[in-house]
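Novice: heads up, no residue letters with this:
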């Protein structure tokens, strides 16, 4: 019972207590540790990949969507932009000179970072385009339903569009 009072006071003061704490951010720390550990045995390719995938890392750290769609879109296109240079490094023989030659070229940076920019452009353009397409489809469907309703009104009379009950319509029509 003595332990219950401090927990209640802590919650009353705005604290979460031990029950309210969640382990957020642990995955990011593990990712940084893996990257730091990969620098030792795989230094040059890892340096090239880490520099080239900076937009993906930024997207990973700032993406708040539970499905991580921003990270996936930017990341996959960014990896596609970095991969040819990683292959080039492997073919040149994984030396510091080969890695620096790749990193020093502005066109290589343009390709690596431009591919991530293409992913961001997709995220910017596709959702509004899909929303507009969906709205257009629904508007077309509503229009065709209203035309069909008018056609039924011509065939069956104005009571087709009435929202009153069937018994009331029968009484009004003498049936």
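Specialist: Right, received. Where do you want to start? The structure displayed is predicted, hence computed values, not measured ones. Numbering: from 1, shown residues only.

Novice: Show me where the chain dips below the pLDDT cut-off.
Specialist: For the chain, applying pLDDT under 70 flags the ranges 1-26, 35-36, 38-44, 175.

Novice: most centrally placed residue in it?
Specialist: Residue closest to the mean C-alpha point of the chain, counted by C-alpha atoms, centre = their mean, is residue 69 at 2.2 Å.

Novice: Could you check how far that residue is from residue 55?
Specialist: As judged by C-beta to C-beta, to the nearest Å, residue 69 and residue 55 stand 15 Å apart. Every residue, glycine included, has its C-beta placed from N, CA and C.

Novice: cool, residue 72 as well?
Specialist: When distance is defined by C-beta to C-beta, residue 72 is 13 Å away from residue 55.

Novice: The two: who's more crowded?
Specialist: A direct count of neighbours by other C-beta atoms under 10 Å for residue 72 and residue 55 places residue 55 higher, at 21 against 17.

Novice: quick one, what contacts the more buried one?
Specialist: By C-beta atoms under 8 Å, 6 or more residues apart in numbering, the residues touching residue 55 are 74, 78, 113, 116, 117, 119, 120.

Novice: so the last one is in which element?
Specialist: Element membership for residue 120, per DSSP states H and E: helix 106-156.

Novice: Past that helix, which element shows up next along the chain?
Specialist: Later in the chain than helix 106-156, the nearest helix or strand by DSSP H and E is helix 166-173.

Novice: Let me know how buried residue 66 is, in neighbour terms.
Specialist: 6.

Novice: re earlier: just the buried subset of the contacts of residue 55, please.
Specialist: 74, 78, 113, 116, 119, 120 (16 or more other C-beta atoms under 10 Å).

Novice: what's the closest of the residues you listed to residue 61?
Specialist: Ranked by distance to residue 61 (C-beta to C-beta), the buried ones among the contacts of residue 55 are led by residue 74 at 11.8 Å.

Novice: isn't that closest one right next to residue 57, touching?
Specialist: No. If you go by C-beta atoms under 8 Å, residue 74 and residue 57 don't touch, sitting 9.9 Å apart.

Novice: JSON lines for the buried ones among the contacts of residue 55, including distance to residue 141?
Specialist: Shown next, in JSON lines, are the buried ones among the contacts of residue 55 (distance: C-beta to C-beta, whole Å):
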{"residue": "74", "distance to residue 141": "35"}
{"residue": "78", "distance to residue 141": "39"}
{"residue": "113", "distance to residue 141": "43"}
{"residue": "116", "distance to residue 141": "38"}
{"residue": "119", "distance to residue 141": "33"}
{"residue": "120", "distance to residue 141": "33"}
